[in-house]
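> Attaching a predicted model along with its sequence, questions to come.
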Amino acid sequence: MTVLVPVKRVIDYTVKGRVKADNSGVELSNVKMAMNPFDEIAVEEALRLKEAGGADEVVAVSIGPTQNQETIRTALAMGADRGIHIEASHDIEPLAVAKLLKEVVTRENPGLVLVGKQAIDDDCNQTGQMLAALLNWPQATFASKILVKEKSLEVTREIDEGLETIEVNMPAIVTCDLRLNEPRYASLPNIMKAKKKPIEQLNASDLGVDTKSRIEQIKVEEPPKRKAGIKVASVEELVQKLKNEAKVI
Ligand code: AMP
């Protein structure tokens, strides 16, 4: 079984994003980029599945500009077998990503697609669900545990009320949540080995997919600055303020 893992290149989660001076978007030049953290978790899960004998091959796919090949190399250094890069602009929207991934799925015929639950740049949380809908495949979102059975998966999901366990038939789409696993670091020998692993190069137009934007971004702004807090002298004063000023009790 092939496991397909879509990996997105995003601003590194440790970097504080800056809005461009003309409010047209987030500044990306000279900013440290990295694999979306939920996608690292998805790669790790795919590798563990392969190591346990449940998968033959792990394929990482990334859609975006040429630099996305670095993100694929990171997945290859973690242990993925090969990569697919689909050249596109960096702000490609989830629907177009899902349509391109559908074409890759049709070519590669994976038994499982492990997607991140959301990309930390757009926070859309849409791609996995849209891909499942386009393929008419079962989906299990926000997975915190995946148990592979013969032709199905038992997936524990993180939901508002706690945890829910469902069973889905394969092939399936699973979106990976934070508590699923702790991704490994790529070792130096594996980083070297990854340089020799193949990355297939495609273009959105090769796949016949229209990647035109459906969303018009009007303006990007910094969140309002929080007001400074105050110190109170006693519990009584705190209770008075909560009652009379904040009116929360
Ligand atoms: P989103 O729906 O944008 O929050 O993204 C959810 C997940 O879809 C990500 O964690 C990735 O696994 C996948 N994905 C989104 N955009 C891309 C992309 N440009 N290339 C590869 N995978 C992507």
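Cool, got the structure.
> Show me the shaky parts of this protein.
For the chain, no stretch has pLDDT under 70.
> Kindly report the residues of the protein close to the ligand.
6-8, 36, 38-39, 62-64, 92, 94, 97, 115-116, 118-119, 122, 124-128 (Cβ under 6 Å from any ligand atom). Using the backbone N, CA and C atoms, a C-beta is placed for each residue, glycine as well.
> Pull out the buried residues from these.
Neighbour counting by 16 or more other Cβ atoms under 10 Å classes 6-8, 36, 38-39, 62-64, 92, 94, 97, 115-116, 118-119, 125-128 among the residues of the chain next to the ligand as buried.
> What residues sit buried inside the strand of greatest length in the chain?
In the chain, assigned by DSSP state E, the strand with the most residues is strand 139-148. By neighbour count on 16+ other Cβ under 10 Å, the buried set for strand 139-148 is 139, 140, 141, 142, 143, 144, 145, 146, 148.
> How many neighbouring residues does residue 180 have?
For residue 180, the neighbour count with other Cβ atoms under 10 Å is 25.
> Only alpha carbons, please: show stretch 163-172 as PDB.
In PDB, the C-alpha atoms belonging to stretch 163-172 read as follows (Å, rounded to 0.1, in the frame of the first residue of the first chain):
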ATOM      1  CA  LEU A 163     -12.500  11.600  22.100                       C
ATOM      2  CA  GLU A 164     -14.600   9.800  19.500                       C
ATOM      3  CA  THR A 165     -13.500   6.500  17.800                       C
ATOM      4  CA  ILE A 166     -14.800   5.700  14.300                       C
ATOM      5  CA  GLU A 167     -14.000   3.000  11.700                       C
ATOM      6  CA  VAL A 168     -13.600   4.000   8.100                       C
ATOM      7  CA  ASN A 169     -13.100   1.800   5.100                       C
ATOM      8  CA  MET A 170      -9.900   2.200   3.000                       C
ATOM      9  CA  PRO A 171      -8.900   3.900   0.800                       C
ATOM     10  CA  ALA A 172      -9.500   6.900   3.100                       C
END
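> contact partners of that stretch?
The list of residues contacting stretch 163-172 from outside it, by Cβ atoms under 8 Å, 6 or more residues apart in numbering, reads 110-113, 132, 137-140, 144, 149, 151-157, 174.
> ok, now with 10 Å
1-2, 4, 105, 109-114, 132, 135, 137-158, 174, 179 (Cβ atoms under 10 Å, 6 or more residues apart in numbering).
> What segments of the chain are strands?
2-6, 9-11, 33-35, 57-64, 82-87, 112-116, 139-148, 152-159, 162-169, 172-176, 199-203.
> Just give the closest residue to the residue of the chain found nearest the ligand, not the sequence neighbours.
Residue nearest to the ligand within the chain (Cβ to the nearest ligand atom): residue 116, separated by 2.2 Å. Closest residue in space to residue 116, ignoring its immediate chain neighbours: residue 38 at 3.0 Å, by Cβ to Cβ, 6 or more residues apart in numbering.
> How much space separates the one you found from residue 14?
15 Å (Cβ to Cβ, to the nearest Å).
> what sits against the residue nearest to residue 40 when sequence neighbours are not counted?
In space, and not counting its chain neighbours, residue 40 is closest to residue 183: 4.1 Å by Cβ to Cβ, 6+ apart. Neighbour list for residue 183: 35, 37, 38, 39, 40, 41, 42, 43, 44, 45, 47, 78 [criterion: Cβ under 10 Å, 6+ apart].
> one more time with 6 Å
By Cβ atoms under 6 Å, 6 or more residues apart in numbering, the contact list for residue 183 reads 40, 41, 44.
> Residue 89 versus the second one, what's the distance?
In this case it means residue 41. Counting by Cβ to Cβ - residue 41 and residue 89 are separated by 26 Å.
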